[in-house]
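What shape does this take:
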Amino acid sequence: MPVLALLSALFVVGFEQLVQWRFGAAGLVGLLLLTVGVKANSPAVSSAGAVLLAVLLAGPAL
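Okay, the predicted model is just below:
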């Protein structure tokens, strides 16, 4: 069990670093909003995070 928790924590930290490297602080805020909204069961907060990440992903295409 501790090995699984350690691996998942490493994955989460690595993913956060990837998002911050690729999209900067706005990507980190979007990921944070999405995560907090899902954990708090708040559709408004999670939707705001998802929209922010979608805008950042679609930015070069627009």
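
helix or strand right after the helix with the most length in the chain?
Ranked by residue count under DSSP state H, the longest helix found in the chain is helix 2-39. Counting by DSSP states H and E, the next helix or strand C-terminal to helix 2-39 is helix 43-58.

what's the angle from that next one to helix 2-39?
100 degrees (axes from the mean of the first three to the mean of the last three CA atoms, to 10 degrees).

packing partners for helix 43-58?
Helices and strands touching helix 43-58, by 3 or more CB pairs under 8 Å, 6 or more residues apart in numbering; DSSP states H and E, are helix 2-39. Just so you know, the C-beta spots here come from the backbone N, C-alpha and C atoms, and that holds for glycine as well.

in the helix it packs on, what's buried?
19, 23, 27, 29-31, 33-34, 37 (16 or more other CB atoms under 10 Å).

list the contacts for the closest residue to residue 34 other than its chain neighbours?
Once flanking residues are discounted, residue 34 sits nearest to residue 49: 3.2 Å by CB to CB, 6 or more residues apart in numbering. Residue 49 makes contacts with 29-37, as judged by CB atoms under 8 Å, 6 or more residues apart in numbering.

Residue 11 versus residue 49, what's the distance?
Distance of residue 49 to residue 11, given as CB to CB, to the nearest Å: 19 Å.

again, but for residue 2
For residue 2, the distance to residue 11 - CB to CB - is 15 Å.

Ok, residue 52 next?
According to CB to CB, residue 52 stands 22 Å off from residue 11.

what's the answer for residue 4, then?
11 Å.

Tell me the one of the buried residues of helix 2-39 nearest residue 59?
Among these, residue 23 lies closest to residue 59 (CB to CB), at 8.8 Å.

tell me the centre residue of this protein?
Nearest to the mean C-alpha position of the chain, counting by CA atoms, centre = their mean, stands residue 31 at 2.2 Å.
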